[in-house]
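Visitor: The sequence and its predicted three-dimensional model are supplied below.
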Amino acid sequence: MHALRETGITHHLKENTTLRSYSAATQHEFLRAAGTLTLSPARLALWLCQDRIYAAHAYPRFIGLLISKIPFDGPAVEEELNRETLALLTICLEGVIREVAFFEGVAKEWGLDINGWSERKATRDYTAEMARVASVGSLEEGLVFLWAMEQVYLDAWKYVKSLLPPQNVSEDNTANAIRQLTNNWTTPEFEDFVQKVEDLANRHFARRHHGPSSSAVRAMESIWARVVELEEMFWPDDGEDTRLRAL
């Protein structure tokens, strides 16, 4: 437990994740197809539709519930952390508004039809878990969940970027959309944001658990494992774009 106090709960979670489970979420076949520019436009549109559901509907509610859990009646020494937490969560809300507009702009620019798709079970499972953790979990559990979502997402798109071939002026609309999406989620600014969320999650965990108990650590391990599992399922499998096209 001493080592955990020195490095933070998030370092512990990353160090205790099996390579298979994490790569299944961050190097999924969908991501390999995106990185090699072999992803079909329909499958990309299906995923973009699902991510818009996540961003436009579930994420704002999740962040709003976390804001409601910020304690403002504690010791004065904790007031600074509370203000930092509110500031960062406000940035999350502002960012997701821009993100939804970005999704719609990419879809329009590159001819991706993100309407008329059925909601995937994986999307419902993900948004339900977000609502559950934000409703009944503690603030530090919610912040670890938030960090986990953003960290996996960052690593997934960095993987896509690592596979992209040199840009060709004759690339089709889908390839251009993939490059635009990849560029959006691999910027230094996004990496900095993920780091800030991670730091905040570690500070809240340390504040709540001065001497981290095994039960508290297990709770965070469970959250991390569940997010990794949900992220893996969130990437549509090949063929889903045919099955889920609404009539």
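Guide: Received it, and whenever you're ready, just let me know what you need.
Visitor: Now do the helices in the chain.
Guide: Under the criterion DSSP state H, the chain carries helices at the ranges 2-7, 9-15, 19-26, 29-35, 41-53, 59-68, 79-109, 121-136, 139-163, 173-184, 188-208, 214-234, 240-243.
Visitor: end-to-end on stretch 8-20?
Guide: Taking Cα to Cα, to the nearest Å, the span from the opening residue of stretch 8-20 to its closing residue is 23 Å.
Visitor: and if you look at stretch 158-173?
Guide: Stretch 158-173 has an end-to-end distance of 21 Å (Cα to Cα).
Visitor: quick one: contacts of it?
Guide: Stretch 158-173 is touched from outside by 26-27, 31-32, 34-37, 41, 110-112, 175, 178-179, 182, 186, with contacts defined as Cβ atoms under 8 Å, 6 or more residues apart in numbering. For every residue, glycine as well, the C-beta is placed using N, CA and C.
Visitor: buried residues in it?
Guide: 159-161, 164 (16 or more other Cβ atoms under 10 Å).
Visitor: And these, which is closest to residue 56?
Guide: Relative to residue 56, the closest of the buried residues of stretch 158-173 is residue 160; by Cβ to Cβ it sits at 22.5 Å.
Visitor: Leaving out the residues flanking it, which one is nearest to that closest one?
Guide: With Cβ to Cβ, 6 or more residues apart in numbering as the criterion, residue 160 has its nearest non-adjacent residue at 4.3 Å, and that residue is residue 35.
Visitor: what residues are up against the one you found?
Guide: The neighbourhood of residue 35, defined by Cβ under 8 Å, 6+ apart, consists of 159-164, 178.
Visitor: What is the neighbour count of the residue nearest to residue 100 when sequence neighbours are not counted?
Guide: Taking Cβ to Cβ, 6+ apart, and ignoring the residues beside it in sequence, residue 100 has residue 56 as its nearest neighbour in space, at 4.7 Å. For residue 56, the tally of surrounding residues (other Cβ atoms under 10 Å) stands at 16.
Visitor: same check, this time on residue 219
Guide: For residue 219, the count of nearby residues is 16 (other Cβ under 10 Å).
Visitor: Need the nearest residue in space to it, chain neighbours excluded.
Guide: residue 141 (6.5 Å).
Visitor: Kindly report the same for residue 119.
Guide: Residue nearest to residue 119 in three dimensions, not counting chain neighbours: residue 53, with 6.2 Å by Cβ to Cβ, 6+ apart.
Visitor: any idea how far that neighbour lies from residue 156?
Guide: Using Cβ to Cβ, to the nearest Å, one gets 18 Å for the distance from residue 53 to residue 156.
Visitor: Comparing these two, which residue is more hemmed in?
Guide: The residue with more neighbours, out of residue 53 and residue 156, is residue 156; 23 against 18, by other Cβ under 10 Å.
Visitor: how close does the more buried one sit to residue 73?
Guide: In this view, residue 156 and residue 73 are 39 Å apart by Cβ to Cβ.
Visitor: before we move on, what about residue 40?
Guide: In this structure, residue 40 and residue 73 are separated by 53 Å, where distance is defined by Cβ to Cβ.
Visitor: And for residue 174?
Guide: According to Cβ to Cβ, residue 174 and residue 73 sit 52 Å apart.
Visitor: neighbour-wise, which of the two wins?
Guide: residue 174 (21 against 6).
Visitor: Pull the contacting residues for that one.
Guide: Residues 37, 39-41, 44, 110, 112 are the ones in contact with residue 174 under the rule Cβ under 8 Å, 6+ apart.
Visitor: and with 6 Å instead?
Guide: Remark: with contacts taken as Cβ atoms under 6 Å, 6 or more residues apart in numbering, residue 174 is in contact with 41, 44.
Visitor: Distance-wise, check it relative to residue 36.
Guide: When Cβ to Cβ is the yardstick, residue 174 and residue 36 sit 12 Å from each other.
Visitor: Please apply the same query to residue 193.
Guide: With the distance defined as Cβ to Cβ, residue 193 ends up 28 Å from residue 36.
Visitor: Alright, that wraps it up for me.
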